[in-house]
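Engineer: here's my sequence, what's the structure:
(one chain, ligands or ions: 1)
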Amino acid sequence: MNAADRQEWALLQAVLAAELQAAKALTSQGKAASYIPELAKSPPDALGISIMRADGAVLAEGDVHLSFTMQSISKVFTLMLALMDNGERAVFEKVGKEPTGDDFNSMLKLELVEPGIPFNPLINAGAIVISSLIAGRTPAEKAERILDFFRSLAGNEELDVNESVYRSEAATAHRNRSLAYFLKDNNVLTDDVEEVLDVYFQHCAVQVTTRDLARMALVLAYDGTDPITGLEHIPRRFVQIAKTFMITCGMYNASGEFAIEVGLPAKSGVAGGIMTLVPGRYGIGVIGPALNAKGNSVAGVHLLERLAQRHDWSMF
Ligand code: DON
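Structural biologist: The predicted structure is shown next:
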């Protein structure tokens, strides 16, 4: 680490508590998701952040002991696993590469646009198709491979599916079922719909802390190689694809604004998590269950805006 990096780390350490407290005031402007009934139990005023650097040192502030489900953040990693299992050509025959400007669970463009494949792998329709592309003979085997992949990236063998959130989503996912049956009718999904959805619900319900997200993001910040262990987990090209989707679609139809205000690849989830990274420097995990109208953590986004602007982190 050079002197400038050491200085920035010290500065971050000095300002993080105050920035977090200021951002926490915004939690009252949002609401925890409730369309998955179990998520409504999340503490709405929580806010926590972990920032990890290449030697594994972590700055942690706020509610970092809270565990929460990855939800849509998991889609970044299932995309990369599907790319490793099938290659780029086969994956992009089934999902597109463009943002939608619609909500994450929208059906609108599936019918409007030929040839009826989801616009990108980070909206629900696209991520459901990606779940069907994960290698494995049975849904249980696919889910296990996904979990193993997440565990190795997080360096945490304890990662597991939160059974109550998984069941809560599976019992109420009428919209995702409609999307999946529509995709089946279009022959984009060829497997059994309920089996594909089961894999999808399980990976969305993997329970993490901000530290786990920071560690997973650190691997992306270092192009697929864990800087702590030196292990190459993901080919650079697939990380590049995933990070590009994070920029263009990671915060749904707030991705443009986030790119302007923060300027980093990021992915949010409806449990209130945000995973982001500063390329070649940090992996960052945030939790703040109160969401804004676009489904992103209201205080989490604000905190990242403040930190990125203060430390000039934008890639642009
Ligand atoms: O399929 C769903 O609706 C959830 N399991 C995931 C959606 C999500 O996290 C959207 N993120 N902001």
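Engineer: longest helix in the chain, by residue count?
Structural biologist: Under DSSP state H, the helix in the chain containing the largest number of residues is helix 3-24.
Engineer: Met315 against Gly263, yeah?
Structural biologist: Yes. At 5.2 Å, Met315 and Gly263 qualify as touching, with contact defined as C-beta atoms under 8 Å. To be clear about C-beta, it is placed using only N, CA and C from the backbone, and glycine gets the same treatment.
Engineer: which one of those two has more residues nearby?
Structural biologist: Using other C-beta atoms under 10 Å, the more surrounded residue of Met315 and Gly263 is Gly263, with 19 against 13.
Engineer: quick one: contacts for the more buried one?
Structural biologist: By C-beta atoms under 8 Å, 6 or more residues apart in numbering, the residues touching Gly263 are 308, 313-316.
Engineer: gap between the residue lying closest to it once chain neighbours are set aside and Arg53?
Structural biologist: Distances taken as C-beta to C-beta, 6 or more residues apart in numbering put Ser314 closest to Gly263, at 2.6 Å, once the chain neighbours are dropped. Separation of Ser314 from Arg53 (C-beta to C-beta, to the nearest Å) stands at 19 Å.
Engineer: of these two, who's got more company?
Structural biologist: Per other C-beta under 10 Å, whichever of Ser314 and Arg53 has more neighbours is Arg53, with 22 against 14.
Engineer: please name the bridge partners of that one.
Structural biologist: Under the criterion DSSP bridges, Arg53 forms beta bridges with Tyr282.
Engineer: start at 43 instead
Structural biologist: Done: numbering now begins at 43, and the last item shifts to Arg95.
Engineer: name the nearest residue to the residue in the stretch 143-292 of the chain that the ligand sits nearest to, ignoring sequence neighbours.
Structural biologist: Across the stretch 143-292 of the chain, the shortest distance to the ligand (C-beta to the nearest ligand atom) belongs to Cys246, at 3.6 Å. Once flanking residues are discounted, Cys246 sits nearest to Gln113: 5.0 Å by C-beta to C-beta, 6+ apart.
Engineer: again with Leu345
Structural biologist: Ala65 (3.9 Å).
Engineer: hang on, the one you found packs against Leu349?
Structural biologist: No. Ala65 is beyond contact range of Leu349, at 9.3 Å (criterion: C-beta under 8 Å).
Engineer: am I right that Ile326 is in a helix?
Structural biologist: No. If the criterion is DSSP: H, G, I helix; E, B strand; the rest coil, then Ile326 is strand and not within a helix.
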